[in-house]
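Novice: Just the structure for this:
(chains A and B, ligands or ions: 1)
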Amino acid sequence: MTISRRKFLQALGAGGAASALAACAPMPTEPRNGEHIVVVGGGSGGATAAKYLRRFDPNLQVTLVEPNATYHTCYGSNWVLGGFRQMDQIAQSYQALRDTHGINVIQDRVTAIEPDAHQVRLAGGRTLSYQKLVLSPGIDFDWEAAAEGTSEATADRIPHAWKAGPQTQILRRQLEAMPNGGVFIMVAPPNPFRCPPGPYERASMVAHYFKTHKPRSKVLILDVKEGFSKQGLFMGGWEANYGDMIEWVGGDRGGMVNRVDVANRTVFSDDGLNRYRGDVINYIPPQKAAQIAHDAGLTNEAGWCPVDQRTFASSIHPDVHVIGDSSVAGAMPKSGHSANSQGKLVAAAIVNGLRGIDAPEPSMVNTCYSLITPDWGISVAAVYRYDDGSIRGVEGSGGVSPADADREFRRREADYTRGWYRSITTDIWG
Amino acid sequence: MRYTRLAAVALAVSLSGAAASQSALAEVTRGALMAKTCLACHGAAGTAPEATIPTLVHGFPRELMIQTMRGFRDGTRPSTVMGRHAKGYTDAEIELLADYFDGMR
Ligand SMILES: Cc1cc2nc3c(=O)[nH]c(=O)nc-3n(C[C@H](O)[C@H](O)[C@H](O)COP(=O)(O)OP(=O)(O)OC[C@H]3O[C@@H](n4cnc5c(N)ncnc54)[C@H](O)[C@@H]3O)c2cc1C
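Specialist: Sure thing, here's the model as predicted:
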């Protein structure tokens, strides 16, 4: 049986979809059920993409591959360190994606991507064929660029806690075990890294815990950078809430850490010129796109995945779309909110593309909320468009919370920070 | 038997009624994509004390949306964060958003 294309268009009538289809180039030749989209990584970007692919086209077959049964959000993990959130409050499951949204969730790890064959291989032995692949595997650590003395193996003693889960718990337990009067040293990572305000929210949350439980303790941030996200707002908030409990040492002042003596919990900066002894050390290593992206040949010299920033199609293998932290996304920071926005764009681009329709013109947003205390929130926001080859913030939009706001304003933003957490996690996994 | 994907959809149109299938086939518009970005903050419909940002998942009246977004944008309506977001949208884009959320009611 053959139904001609013309008949089909007649059946649809002269509506927008039909005229858009009429303009499309080659007809897809595969049957409908051959349209299989595989999403790798069930974090902020991947889970959003899987859900919105099914939202935008309920007939699409979508498989999500994620090794963990439970995803712990990095957002909110600093609040766990602050002592006012529990691990189970930052845990997300894949049940709704599976049961409500009809996504085939496979608990496994992708070990290889074969772009030419349009296949991925799973650790469990299966092979999946895809028409389009969405890759949102997050980050991995660049241990080669990390300070001397640190490695993946030292992360159980000096945790990074930059992937939430067991690492968050290790750091929390160390903080609990630390004596009053102790020193917490955080070594902040070089750019680019996931969540630009994250280290400074963390310093705030550790100070909150100290202030309420160990008030003679100190927070020392050693930073290779000479400035950081929302710096004025953080420093103003620190002074107002914690006095001089938090000290930040920038890269030009002795913050450039080269070596860590893990056994003696001592950190050396500026080639041994300065040494700092801590009771708890949080070493956050330099970062790169997740290993699977490197193995699949999707990365550039800098270690991240270049993409066409209109659709997030890889510049190297166009049927693979890379979103989230692993991708190079113009002005967008590496954040959960960015990854969520990119997941929606990529879903729209793929669904339209399968119909021969152009992707909608990108419209994306980011907001990074941070808590300085449970009642003092600050934010940085932006709306993004694609312009002249890259994603840029809309001029005149976005920016940080006002510098001169009163306590009531900060309290409202703290309430909205928790509201944001609730909404975005429902938007992604709910 | 040889048939294309479009043919299969055409079949579905004739079998299950145009409305449902057409919605499955409708292109994802710029307005829809833009509106979905709002749901990261305005998504949760729950009643828990933490659901502090009003939900938009059940839609919003068109004229009120236009008024509200313009008010956020020019500062006549005070806000913590919406002013910074609203400044990212032109009048035409605000209308696309308003149409979309009106349609979700
Ligand atoms: C302390 C901290 C605080 C933060 N706070 C905020 C915040 O307030 N707001 C905000 O917007 N962002 C925040 N972030 C950033 C945010 O967590 C990340 O930017 C975001 O999660 C990136 O999404 P992603 O999809 O790229 O990666 P992820 O969310 O990390 O997801 C990657 C997933 O891929 C899976 N995966 C990896 N390799 C494979 C493989 N080979 N096969 C199958 N699956 C694989 C992983 O298991 C993981 O589940 C914070 C980060 C940190 C560390």
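Novice: Give me the three-state assignment for the residue in chain B positioned nearest to chain A.
Specialist: Here the residue of chain B nearest chain A is B:G88; by CB to the nearest CB that distance is 2.6 Å. (C-beta placed from N, C-alpha, C; glycine too.) Three-state assignment for B:G88 (DSSP: H, G, I helix; E, B strand; the rest coil): coil.
Novice: The closest residue to it other than its chain neighbours is in what secondary structure piece?
Specialist: Excluding the flanking residues, the one nearest B:G88 by CB to CB, 6 or more residues apart in numbering or on different chains is A:V383, at 2.6 Å. Per DSSP states H and E: A:V383 is located in strand A:376-387.
Novice: Okay, buried residues for the helix or strand just after that strand please.
Specialist: Per DSSP H and E, the first helix or strand lying C-terminal to strand A:376-387 is strand A:390-393. Neighbour counts over strand A:390-393 (16 or more other CB atoms under 10 Å in any protein chain shown) mark A:391-393 as buried.
Novice: Could you check stretch A:59-73 and say which residues are buried?
Specialist: So for stretch A:59-73, counting by 16+ other CB under 10 Å, buried means A:60-66, A:71-73.
Novice: Check stretch A:413-430 too.
Specialist: Those would be A:413-430, for stretch A:413-430 by 16+ other CB under 10 Å.
Novice: do it and chain B meet?
Specialist: Yes: using CB under 8 Å from any CB of the partner chain, stretch A:413-430 reaches chain B at A:413, A:415-416, A:418-424, A:426-427, A:430.
Novice: what would those residues look like in CSV with secondary structure and pLDDT?
Specialist: Shown next, in CSV, are those (DSSP: H, G, I helix; E, B strand; the rest coil; pLDDT from 0 to 100):
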residue, secondary structure, pLDDT
A:E413, helix, 98
A:D415, helix, 97
A:Y416, helix, 97
A:R418, helix, 97
A:G419, helix, 96
A:W420, helix, 97
A:Y421, helix, 97
A:R422, helix, 96
A:S423, helix, 96
A:I424, helix, 97
A:T426, helix, 96
A:D427, helix, 97
A:G430, coil, 95
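Novice: ok, which of the residues you listed also contact the ligand?
Specialist: Of the residues in the residues of stretch A:413-430 next to chain B, proximity to the ligand by CB under 6 Å from any ligand atom holds for none.
Novice: Quick one: residues contacting the closest residue to A:Y242 other than its chain neighbours.
Specialist: Excluding the flanking residues, the one nearest A:Y242 by CB to CB, 6+ apart is A:A207, at 4.6 Å. By CB atoms under 8 Å, 6 or more residues apart in numbering or on different chains, A:A207 lies in contact with A:219, A:238, A:241-242, A:245-246.
Novice: swap the cut-off to 6 Å and go again
Specialist: A:A207 sits next to A:219, A:242, A:245-246 when contact means CB atoms under 6 Å, 6 or more residues apart in numbering or on different chains.
Novice: What's the first helix or strand after whichever strand or helix holds it?
Specialist: If you go by DSSP H and E, A:A207 is part of helix A:198-213. For helix A:198-213, the following helix or strand on the C-terminal side (DSSP H and E) is strand A:218-223.
Novice: quick check, that following strand touching the ligand?
Specialist: No: under the criterion of CB under 6 Å from any ligand atom, the ligand is not reached by strand A:218-223; the shortest gap measures 13.8 Å.
Novice: What are the boundaries of the helices in the chain?
Specialist: By default, I'm working from chain A. Secondary structure of chain A, counting by DSSP state H: helices at A:5-12, A:16-22, A:44-56, A:77-81, A:95-99, A:166-177, A:198-213, A:231-242, A:291-295, A:336-354, A:407-429.
Novice: ah, I was thinking of chain B
Specialist: Under DSSP H, chain B gives helices at B:5-16, B:18-25, B:30-42, B:62-74, B:82-86, B:91-103.
Novice: Show the contacting residues for A:W162.
Specialist: Taking CB under 6 Å, 6+ apart, we find A:W162 in contact with A:I284.
Novice: so what's residue 18 scoring on pLDDT?
Specialist: Answering for chain A, as no chain was given. Looking at A:A18, its pLDDT stands at 35.
Novice: The intended chain is chain B.
Specialist: 37.
Novice: tally of neighbours for the residue of chain B found nearest the ligand?
Specialist: Nearest residue of chain B to the ligand (CB to the nearest ligand atom) works out as B:A40 at 8.8 Å. When neighbours are defined as other CB atoms under 10 Å in any protein chain shown, B:A40 has 25 of them.
Novice: Spatially nearest residue to it (excluding sequence neighbours)?
Specialist: A:I424 (4.8 Å).
Novice: Hmm, the one you found is touching B:H42, no?
Specialist: No: assessed by CB atoms under 6 Å, A:I424 is found out of contact with B:H42, at 10.2 Å.
Novice: For A:F268, see how far away the closest residue to A:A145 other than its chain neighbours is.
Specialist: Of all residues not flanking A:A145 in the chain, A:P286 sits nearest, at 4.4 Å (CB to CB, 6+ apart). Per CB to CB, to the nearest Å, A:P286 is found 17 Å from A:F268.
Novice: for A:A145, same thing?
Specialist: In this view, A:A145 and A:F268 are 16 Å apart by CB to CB.
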